[in-house]
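>>> The following comprises the amino acid sequence and a computationally predicted model.
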Amino acid sequence: MSRANPAQPARLEAKSLVLDRISGSLELVESAMRDQLGADAELVGALGEHVLSSGGKRLRPALVLLAAELCGYTGPRRIQVAAAVELLHTATLLHDDVVDVSTLRRGRPSANAIWGNRRAVLGGDFLYARASSMIVEDGDLGILEIFANTIRAMAEGELLQLQRSFDTSMTEAQYYAVIDRKSASLLSAACEAGSILGGVTRAERRRVSEFGRELGLAFQLRDDALDYEAGAEVLGKPPHTDLREGKITLPLLLTLKRSTAAEREQIAGVLKIAAQVADLSLAGSDSLPELDLAPVLDWVERYRGIADTVRRAEEHVARAAAAIAPFPDGAAKQALLSSAAFAVARDR
């Protein structure tokens, strides 16, 4: 259900503070990313430009820039590393849309909808390679290790999520294992890479990395709540996509935990039909069973699945703030805290 967001002024203020701080550096990051799109195959440039120009929050490169500044570094290396992190994120979006059979990305046709799955996957592979090359060119083995481990973790997260699709026996621990790898790992890596550029102690590096991880968990929890509460005009894609794809996210997990046995059985029945619809859609069938999500959406609302997911996100934001509390106050620290506030106040 779509609703007005009372946190909108806070969201806009937080976003503005972050962008005002690093807008010039982000322009350099954009330029560095587009420099990586050159290839003999013209399709690579067109596909990459389509994805990069579709907007996005640029949260991950912003975190690299701000974490580096927090730790005392404002030199040119942070542009290269930030661009590599965002290219890596962009590559995952290309692959995610293929895995999820998505046709929209940020309100525009997805790359796989325009060029097909094979070209979209290969385009994602190309961006992975270019991002990796940028990290190798930077030459810091610590950042390279973080980068490689993050790619592995994100792939594990996707596989874990697929493994648990349509599975109402999924636990909160398993859910957190998915979002920790799939989402939080990259935000943690962005922050930790920035701290390495700053040359801080290992203890300080762990704190900055933990800030990114907690922020990443909060960001994903807010995403999962938005899928249930926001409309297509806000999300840029059809609402309730997670439910249709059988993704057991926290709003549904909390609902399953609090509902009656009969209600849980009905939810399992809806997910069974959703799985059939997904399989038949992949097979190109025009004859699909009717999928009625209304009862599940009502129970998610009744059992506070959305509200308590947002509350949980706020708890992770508080932990993120605590992680960098020992660092001296300053503009970079304030902008990082504002990015955390944005994670739970945003409406898309």
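Alright, I've got the coordinates.

>>> helices or strands up against the helix or strand harbouring residue 132?
Here residue 132 sits within helix 117-138, counting by DSSP states H and E. Applying 3 or more CB pairs under 8 Å, 6 or more residues apart in numbering; DSSP states H and E, one finds that helix 117-138 contacts helix 42-52, helix 77-99, helix 111-115, helix 141-163. Yep, even glycine has a C-beta here, placed from its N, CA and C like the rest.

>>> Residues in contact with the helix or strand immediately after the last one in the chain: which ones?
Per DSSP H and E, helix 141-163 leads on to helix 172-179 as the next helix or strand towards the C-terminus. If you take CB atoms under 8 Å, 6 or more residues apart in numbering as the criterion, helix 172-179 is touched by 157, 160-161, 164, 216-217, 220-221, 248-250, 253.

>>> what stretches of the stretch 151-300 of the chain score poorly on pLDDT?
Where the stretch 151-300 of the chain drops to pLDDT under 70, the residues are 230-237.

>>> change it to 80
Applying pLDDT under 80 to the stretch 151-300 of the chain picks out residues 230-238, 281-286.

>>> go on, the stretch 1-150 of the chain?
Low-confidence regions of the stretch 1-150 of the chain, defined by pLDDT under 80, span residues 1-21, 39-41, 54-57, 105-107.

>>> would you say residue 284 is within a helix?
No: Residue 284: not assigned to a helix; according to DSSP: H, G, I helix; E, B strand; the rest coil it is coil.

>>> what's the distance between it and residue 164?
Relative to residue 164, residue 284 is positioned 26 Å away (CB to CB, to the nearest Å).

>>> So residue 125 sits against residue 91, correct?
Yes: between residue 125 and residue 91 there is a contact under CB atoms under 8 Å: 7.5 Å.

>>> Counting neighbours, go ahead and name the busier of those two.
Each of residue 125 and residue 91 has its neighbours counted (other CB atoms under 10 Å); residue 91 has more, 25 against 13.

>>> didn't that one look like it was pressed against residue 131?
Yes: taking CB under 8 Å as the definition, residue 91 is a contact partner of residue 131 at 6.6 Å.

>>> Could you pull out the buried residues of whatever helix or strand residue 203 lives in?
Here residue 203, judged by DSSP H and E, is contained in helix 202-229. Buried residues in helix 202-229, counted by 16 or more other CB atoms under 10 Å: 204-205, 207-229.

>>> ditto for stretch 51-58
Buried residues in stretch 51-58 (16+ other CB under 10 Å): 51-52, 54, 57-58.

>>> would you list those in a markdown table and tack on distance to residue 104?
Converted to a markdown table, the buried residues of stretch 51-58 look like this (distance: CB to CB, whole Å):
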| residue | distance to residue 104 |
| --- | --- |
| 51 | 13 |
| 52 | 17 |
| 54 | 10 |
| 57 | 17 |
| 58 | 20 |
